[in-house]
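# everything below, folded, please.
(3 chains)
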Amino acid sequence: MRRLLGKSGVWLVGAAIILLTPAIFDSGFALSIMGQMGVAIIFALAYNMLLGQGGMLSFGHAVYFGLAGYFTIHYLTLMGDEVVGYFPVSLLPIFGGVVGLIFGIAIGFVSTRRAGTTFAMISLGFSEMVTALTLILVAFFNGEEGIQTDRWVGPEPLGITYGPDIQVYFLIGVWCFLATLAMYAITRTPFGRMSNAVRDNPERAQFVGYNTQRVRWLAFALSSFFAGLAGALHAINFEHVGFETVGLAQSGIVLFMVFIGGVRNFSGPILGAVLITLLTSTLGGITEAWLLYFGVFFVLMVIFAPGGLAGLIMLHEPVWKTDVRLLRGMILPYAGGLGTALIAGVGVIGLIELIYFSSHKLTGESRMVLLGVETSVFSAVPWLVCAAIAAGGIVLCRKSFPRMARSWNAAIDEVRARAAA
Amino acid sequence: MIFQKIGAGLLGLAMAGALTLPAVAQEPVRVGMIEPFSGPVAQIGIEVYESAQFMADRINAGGGVLGGRPLVIVRFDNAMNAEKTTQQVKKAIDEGIRFISQGVGSNHALNIIKQLEKHNKRNPEKSVLYLNHSAVTTAFTNELCSFWHFRFDANVDMKVAGLATQMGRDPNVKRIYMINQNYAYGKSFQAIARIMIAQRTSAELVGDDLIVPFGKVLDFTPYVAKIKSADADTVLTGNWGADMVRLVKATADAGLDVQFYSIYGGLPVSINGYGIEAGMAVRMKQITEMHLNDYQQDELTPIMAAYLAKYGHTWYGDRQRLIWEMFAKALNKAGSDDPVAVAYALEGMTHPGPNGEIWMRAEDHQIHFPLVVSTLDDRAPRKIVYEKQNLGVGWKTDGWVSREDLTLTTTCDMKRPT
Amino acid sequence: MTALEVLLFSLFNGILYGLLLFMLSSGLTLIFSMMGILNFAHASFFMLGAYFAYQISKYVGFWPALIFAPLIVGVVGALIERYGLRPVHKFGHVAELLLTFGLAFVIEEVVQMIWGKAPVPYEIPQSLKFPAFNWLGLDYSAYRVFMVLISVAIFVGLYAFIKRTRVGLIIQAALSHPGIVGTLGHNVPRIFMLVFGFGSGLAGIAGVLGGNALGTEPAMAIQLGTIVFVVIVVGGLGSLGGALIASIFIGILTNIAVSYDISFRGFFMALGVSKDAVGVGSDLVNMTSAGISPILPYLLLVLMLIVRPRGLFGKRDV
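Down below sits the predicted model:
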C-alpha cells in the first residue's frame, strides 16, 4: 500500500507542478517556454523509446514530429475554411499521433530491418530527404516560409477557444501528463521488456523466439505515434510549422535532451527536456557564446557522465534508500567539488567571453562588463585574472573531485556492509 | 553557469545604461530587434544591429524623440529559427515593447506579420508595430499586406523592375540567363523577371534555372556549362550567400565572358566570399538605394565616415538610416509612442533621401525611392572597407532608375483598425 | 553542345567533382575501417583545414599552408582521440558517435569565435590561377587539375599503405584482434590515436584544397557534413575503393541530373497525376531532375541501405 502511494505520489506531484507553475510564471514568454517544455518532454520520452529502451540511435526522428505538425496545421486551416468536418482542437494531438504512427509504420518497415549504424544512417537519409521535400513539394510544405494558421476555430466548448496562451498551456499540460503516463505504462508491459532484451542482446532474444525486427518495428511505430502527438501540440502552440521542425537540427536537439537527461532512466528525458528547453530559450538572450557552452556541456557529459543527469542522481539511489542520513557525510565533499568546479567555470567562462567580445567587436568598443566588473579587453588584467581563476579552480578541482569520489565510495561501502548484515 | 548569467545580465544592463546616458532620464522608446545573432548566419544580424545602434546613437545625441526620450534598440536572438522568432516576439511583448524591427529572412518576417495580426486583434490595447528593413517578399505589401507592417526596402518586384530598366539601356545585354533559388523569394524573382524582361528590354531570355537553395549545391560547373552553351551574355540572379559565392567562383574559374545583374551580389560579405578578382571578371552589378560613390545628400558623408571609424565597415545602402529617421519623425508627428498613431503618421510620409524624395505609400506601406544600378570596379574613387580591410574596389554607377519607374500597382486591400 | 558533348561533359565534370568528394571522405572511411568510429565531426576537421590554411597562407603563402594546416588538424584530431574518444570507447560506438556529434558544434563555435561569422577571403594561389586547358568553351584552371592529382595521390597512397605496408597490416589487425596485437607488443591505443589523427589530417588536406574553391565560412561544415556519410555508406563502410567509386558515381549522377534537366511529368502523369493538377500534384508534375539533384545522393543512400546494407564494396553490414 505504501509502495503504491509512493508510486502515485510522483504522478500527483507531477500533476501539481503542471497545474501550479502558471500561477508563478504567467508572462506570455514564460507560458510559451513552459508549453515548449511540455512538448519537448513528450518528444524526448518518445525518442527514448527508441534510444534508451530499444537501443536505436536515430538522426531523423523529427520527421515524424514535423510531419504530424504539418498535417495538424493543414487540418486546422481546412477546419477554419470549413472544408473538412469539425474535430475538437483538444483532441487534435491524437490526429497528429496517428499521422506519426502511419509514417512510422511505413518508414519503420524499411529502416528497422537493421539496428545499429545502418538504422542510424537510414534515419539520416530520410531526414535529409524530407527536409529537401519541404522545398520541392511547396503546395504541402510551403517551402522555407512554412505554414501559418489560426487555432481559434470551431465551437467553443466551456469557453475554451485556445486564443489565450494559458489555455494552450493547459492543453499541452494535460496531454504531457497523459502521454507520460502511457509511455511509462508501456515500459512495464511485456513488450517493453522485450524491447530491452532486443537492445541488449539481439542474438539471444532471437534465439528464445522473438522476432527482433518485429519488436524494433513496433517500438519505432509507437515512438513515432508519440512524436507525432508532440508535433501536433507544437503546431498548435506556435500556430506555425516550418521546415526546421523536420530537420536534422530538431532531431539533434531531442538527442541532446535525451542524452543529457539520461537514457537509462525513465525520468531522464524529462529532466533533459526541461533543462535544454530552458537553456536554448534563455541563454541566447544572455550570452553570444551560448552555442559554444551548449556544445561543451554536451561533450563533457558524454565523456564524464554517459548516464546523463538522471544517471548521476541514480548513483546515489542505494544510499538514500538505505539510510538518508548517510548523505550527510557527503554534503561537505560535494559542496567542495561543486564550489571548485564553479570557480574553474567562472574563470573559463570569463576567458571565453573576453575572446568573444574582442573578436566580435559588436559594440565597436573596448570596454565590457565581465562578471559584473567593467573592464577593457585591451588591458592584460582581465585576461590574467580570468586565467588565474581558471587555473586555480582546475587545481582545486583535482583535489576536491577525488574527495567527492571517496565520500561516495565510503557511503556505498557502508550500504553494502549494511546489506550484508 | 549562474555567475555567467549574472555577469552577462549585468553586461546587458550596463550596455542599456550606457545608451541612455546622452539623453535625460526619460522613459525610452524601445524597439525590439529580432535577428540571428548566433549560428552560422549571425554575421548579417550583427551588421544590421550595428547600423541600427549607430542611428539610434545619432538620434539620441540630437535630443532623442518625443521631446527628449531616447531611442533604445533591444536585441533578441532568433538563431535563424522561425519558432524562436515567434517566441522572441512574445518575449518582446512581455517586456512591454511596442515596436519590432526585423528584416533577415522573409519566412521570419511572415511569422511576425501573422503573429502581430493575431496579437493586435486579441489585444488591441497592447498593439505592436513591425518595421521591416529588408525582407523583400512582394506579397507582404500585396495580398498579405497588413496595417501593422511597414517595409523600408524596395520589394523584389521593384528591384527586378529596376534591374530590367537598366538592362534595357545596356547595349551589351542581348541574351539573358536566369538562375534563382528554388524557394518563395527566388521564385517571385523569376516570375516578375520574366514579365519585366519582356516589358523593359529587347533582350532574349535564353535560360531560366531554379537551383536547390541554401548552400546545397556544391558544384556549379554544370550550370556554367549551360550558360555557356546557351551563349548568354548576361546572368540575372537573385542568389545570395553561398549560392551566390559559388556561382560567381565557378563562372569566373571557367573564364566565361558574361556580366552579372544581381540584387545581393554586391554585399561586402559576398565580395569577401567570391573574391575581388572573380567579382571583377563577371562585372558584378547590384541594385541599391545608393552606394558609396553616388549620393546627393552632403550630410551622408560625415555619417559614413563616422560609421566606418566606429565599426570598420563601409555604409552599405541607406535604408538603415532612412528607417530610423522616418520612425523618429513619425513618433514626433504622432506626438506619442502609440503604435496606431505612429502607423498613421508613417502612412504617406515623405522624407529627403540620398537621391531625391522618398515616400511611404499609404495604400500598402511600401517605401518608394529611386534605385541605382552599379558595377564593382577597382577604379571607383571610394573603396569598400569590410572588417577594417580595404577591399580595393568600389562601386561605379551604371544608371539611376526613377521613383516613377519603380512605382508598381498594388493589390493590397488594407484593413485599418477602427 | 551536341548530345554527345553533353554526355562527355557530364561524365568528365562528374569525375572531377567526384574526386573532390572522395578527398573529403577518404579520412572518414579510413577512420571507420580502422577504428569502427563514424566521425560526425569529419566535416568540421575539413573546415578547420580551410581556416588554418587561410591563416597560414596570409603570412607565408599557400604552399606552406598545404603542409602545415593538415598537420595541425591532424594533431588536433589526435588530441581529441586521446582525451575525448578514448575515455568513452568503453561505452560503445553510440557514445563515440555522440561525442563527435557534440564536437561538431564546439568546433563550429570555436571557428566563429576566432575568425568571426563572415566568410573569410581565402583565395586560390596565384601560381595555379591560369587556365590549364579549355574544353567546350570552358576553362579548367590549373588549380582544379592540381586538386584532381592530389585526390588520386591520396587514393593510391592510402591503398598502398593499408594493403602493402607492415604498419597497415598491424592497424588492420588491431581493429579485428586488439588483444592479440597488444600481446605482440604493439601499443593499440597509440595506433588508434595516430590513425584518428591521420584521418583528420586527410580532412585537413581536403579543407586546404576545397576551402578556396567552395568558400570558407562557418556554415561549410554543416553543408558538407552529411554528404560525406552518403559517400562512405554507399561505397561500403571502410572500403577505400568503394568510397572512390561512390564519389565518382554521385558526381556523375548530380551532373547528369543538372545537365539533362529531365522532367518527371511523364512519370507522374503515368501514375495518374493530371498535368493541370493543383497543389502537390502540380509540384510533382513540374519537378525536374536539376531541381532535386542535391537530394539524389540521399535517395541513393536509403535505397542502397534497403537493398544492400553493406554498400557497394563493404565486407560487412554497416
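
# any residue of the strand or helix carrying C:S10 up close to chain A?
Assigning secondary structure by DSSP states H and E places C:S10 in helix C:3-35. No: if you take CB under 8 Å from any CB of the partner chain as the test, helix C:3-35 misses chain A, and the best it gets is 9.2 Å. Yep, even glycine has a C-beta here, placed from its N, CA and C like the rest.

# does that helix come close to chain B?
Yes: Helix C:3-35 lies within reach of chain B by CB under 8 Å from any CB, at C:6, C:9-10, C:13, C:16-17, C:20.

# right, and the helix or strand after that helix?
helix C:42-60.

# who are the packing partners of the next helix or strand after that next one?
Next helix or strand after helix C:42-60 toward the C-terminus (DSSP H and E): helix C:62-80. Judged by 3 or more CB pairs under 8 Å, 6 or more residues apart in numbering or on different chains; DSSP states H and E, helix C:62-80 is in contact with helix C:42-60, helix C:188-214.

# for the residues of helix C:3-35 next to chain B, which one is nearest chain A?
Using CB to the nearest CB, C:Y17 is the member of these that lies nearest chain A, at 18.6 Å.

# mind listing what the nearest residue to the closest one once chain neighbours are set aside touches?
Closest residue in space to C:Y17, ignoring its immediate chain neighbours: C:G251 at 3.9 Å, by CB to CB, 6 or more residues apart in numbering or on different chains. By CB atoms under 8 Å, 6 or more residues apart in numbering or on different chains, C:G251 lies in contact with B:219, C:13-21.

# and if we set it to 10 Å?
Residues counted as contacts of C:G251 (CB atoms under 10 Å, 6 or more residues apart in numbering or on different chains) are B:218-219, C:10-11, C:13-22, C:231, C:297.

# now, which of the residues of helix C:3-35 next to chain B sits nearest A:H316?
Nearest to A:H316 out of the residues of helix C:3-35 next to chain B is C:L20 (CB to CB; 52.6 Å).

# chain A contacts on the stretch 101-250 of chain B?
Neighbours of chain A within the stretch 101-250 of chain B, by CB under 10 Å from any CB of the partner chain: B:105-111, B:113-115, B:117-119, B:121-123, B:137, B:139, B:144, B:181-187, B:212-214, B:216.

# can you select the buried ones from those residues in ChimeraX?
Here is the ChimeraX command that selects the buried residues among these (16 or more other CB atoms under 10 Å in any protein chain shown):
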select /B:105,106,107,108,109,110,111,113,114,115,117,119,137,139,144,181,182,183,184,185,186,187,212,213,214,216
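
# sitting in helices, which of the residues of the stretch 101-250 of chain B next to chain A do you find?
Among those, the members found in helices (DSSP state H) are B:106-111, B:113-115, B:117-119, B:121-122, B:184-187.

# just give the nearest non-adjacent residue to the most centrally placed residue in chain B, would you?
Note on chain B: the residue nearest the mean C-alpha position is B:S134, at 3.0 Å, using CA atoms, centre = their mean. In space, and not counting its chain neighbours, B:S134 is closest to B:G103: 3.1 Å by CB to CB, 6+ apart.

# what about the one you found, how many residues nearby?
Here the number of neighbours of B:G103 (other CB atoms under 10 Å in any protein chain shown) works out to 25.

# for it, give its distance to B:N132.
Going from B:G103 to B:N132 by CB to CB, to the nearest Å gives 6 Å.

# same deal with A:Y293?
32 Å.

# write out the residues of the stretch 1-150 of chain B neighbouring chain C.
Near chain C, when you scan the stretch 1-150 of chain B using CB under 10 Å from any CB, you find B:36-47.

# okay, and which of these map to strands?
Counting by DSSP state E, the residues of the stretch 1-150 of chain B next to chain C place none of their members in strands.

# if we look at chain A, which of the residues you listed are close to it?
B:37-40, B:42-43, B:46.

# now render these as TSV, adding pLDDT and neighbour count.
As requested, these are exported to TSV (pLDDT from 0 to 100; neighbours: other CB atoms under 10 Å in any protein chain shown):
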residue	pLDDT	neighbour count
B:F37	87	27
B:S38	82	24
B:G39	75	23
B:P40	72	22
B:A42	82	24
B:Q43	83	21
B:I46	87	22
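
# out of those, list just those in helices.
Using DSSP H, the subset of those located in helices is B:42-43, B:46.

# let me know the closest of those residues to chain C.
Using CB to the nearest CB, B:Q43 is the member of these that lies nearest chain C, at 3.8 Å.

# circling back to that earlier point, quick one: common contacting residues for B:G103 and B:N132?
Shared contacts of B:G103 and B:N132 (CB under 10 Å, 6+ apart): B:109, B:151-153, B:323.

# who wins for neighbours among the residues you listed?
With neighbours taken as other CB under 10 Å, the top of these is B:R151, carrying 28 neighbours.

# ramachandran angles for that one?
Phi and psi for B:R151, reported as degrees, to the nearest 10, are phi -110, psi 130.

# show me what the closest residue to it other than its chain neighbours is bridged to.
Computed as CB to CB, 6+ apart, the closest residue to B:R151 that is not its neighbour in sequence is B:N132, at 4.7 Å. Beta-bridge pairing for B:N132 (DSSP bridges): B:Q102, B:R151.

# count the neighbours of B:N132 for me.
27.

# any part of the strand or helix carrying B:V269 near chain A?
Assessed by DSSP H and E, B:V269 sits inside helix B:268-274. No: judged by CB under 10 Å from any CB, helix B:268-274 stays clear of chain A, getting no closer than 14.8 Å.

# now that helix: average pLDDT?
Average pLDDT, helix B:268-274: 90.

# and if you look at stretch A:218-231?
Averaged across stretch A:218-231, the pLDDT comes to 96.

# so is that stretch next to chain B?
No: Stretch A:218-231 lies apart from chain B when judged by CB under 10 Å from any CB; the minimum separation is 12.2 Å.

# roughly how far does A:G345 sit from chain C?
Taking CB to the nearest CB, to the nearest Å as the measure, A:G345 and chain C are separated by 16 Å.

# pretty sure that residue is in a helix, no?
Yes: judged by DSSP: H, G, I helix; E, B strand; the rest coil, A:G345 forms part of a helix.

# show the pLDDT at it.
Reported pLDDT for A:G345: 89.

# the residue lying closest to A:V373 once chain neighbours are set aside: helix or strand, and which one exactly?
Excluding the flanking residues, the one nearest A:V373 by CB to CB, 6+ apart is A:P382, at 7.8 Å. Here A:P382 sits within helix A:380-420, counting by DSSP H and E.

# which neighbouring elements make contact with that helix?
Here helix A:380-420 touches helix A:317-322, helix A:328-360, strand A:367-370, strand A:373-376, going by 3 or more CB pairs under 10 Å, 6 or more residues apart in numbering or on different chains; DSSP states H and E.

# out of those, which is closest to C:Y140?
Closest among the helices and strands packed on helix A:380-420, once you apply CB to CB, is helix A:328-360, at 38.0 Å.

# pull the distance from the closest one to the chain's centre.
Here helix A:328-360 shows a centroid-to-chain-centroid distance of 24 Å under the convention CA atoms, centre = their mean, to the nearest Å.

# buried residues in it, which are they?
For helix A:328-360, by 16+ other CB under 10 Å, it's A:330, A:333-334, A:336-337, A:340-341, A:343-357, A:359-360.

# and that helix, what does it pack against?
helix A:290-304, strand A:367-370, strand A:373-376, helix A:380-420, helix B:2-20, helix B:42-61, helix C:93-115.

# B:M414: what secondary structure?
Relying on three-state DSSP, one would call B:M414 coil.

# let me see the contact set for it.
B:141, B:145-147, B:347, B:362-365.

# most neighbours, which of the residues you listed?
That'd be B:T141 among the contacts of B:M414, by other CB under 10 Å, with 28 neighbours.

# mind checking how far that residue is from B:Q366?
4 Å.

# joint contacts of the two?
Common neighbours of B:T141 and B:Q366 (criterion: CB under 10 Å, 6+ apart): B:132, B:149-151, B:155, B:157-158, B:408, B:410, B:412.
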